[in-house]
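**Q** Build me a structure from this.
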Amino acid sequence: MNLVSIRVITSDVDRLVDFYERVTGVKANRYTEDFAELRTGSGTLAIASTRTVPLFAPGSAHPADNRSAVIEFLVDDVDAVHRDLTGFVDDIVKEPTTMPWGNRAFLFRDPDGNLVNFFTPVTPEAVERSTAATG
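**A** This next block holds a predicted model:
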């Protein structure tokens, strides 16, 4: 089994797609006005309109209502990404900090309030874990 994507439901697809294109540098594939995907080497962030929810499970998802999941991206240099996004990201949760498990992490919220973590493994153990996980 492989996890292939995370889907975020939003009331403003264009705003969220534009945000993620800017922070990741990944161009989205926009299939309809209600659905887009940002594909990376290891997974996909799907962004869908509230209009798609009734198609798969009416009432099952609500936009801008997440306080339990973190959308995480492995980056080459979290400090460089932080510098690049300064002035663009409005809701910074944690400035780049080296965590006890060896990742240097920068956390912020996207325009819908979803928590995003950009991280870089910096200790030998964290680098080894990351290399094993990404192949």
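**Q** What distance do you get for the residue nearest to residue 127 when sequence neighbours are not counted to residue 101?
**A** Leaving aside its sequence neighbours, residue 127 sits nearest to residue 121 (Cβ to Cβ, 6 or more residues apart in numbering; 4.5 Å). For the C-beta atoms, the positions are set from N, CA and C on the backbone; glycine is no exception. Residue 121 sits 9 Å away from residue 101, going by Cβ to Cβ, to the nearest Å.
**Q** When these two are compared, which one has more neighbours?
**A** residue 121 (19 against 12; other Cβ atoms under 10 Å).
**Q** quick one: contacts for the more buried one?
**A** 74, 102, 103, 104, 127, 129, 130 (Cβ atoms under 8 Å, 6 or more residues apart in numbering).
**Q** and the next element down the chain from the one helix or strand the fourth one maps to?
**A** Assigned by DSSP states H and E, residue 104 falls within strand 103-109. Next along the chain after strand 103-109, taking DSSP H and E as the criterion, comes strand 115-121.
**Q** Flag every buried residue along that next one.
**A** 115, 116, 117, 118, 119, 120, 121 (16 or more other Cβ atoms under 10 Å).
**Q** ok, of those residues, which one's closest to residue 29?
**A** residue 116 (19.9 Å; Cβ to Cβ).
**Q** Surely that closest one and residue 19 touch.
**A** No. In this structure, residue 116 is not within contact of residue 19 by Cβ atoms under 8 Å, at 9.5 Å.
**Q** Quick check: neighbours shared by those two?
**A** Counting by Cβ under 8 Å, 6+ apart, the residues touching both residue 116 and residue 19 are residue 110.
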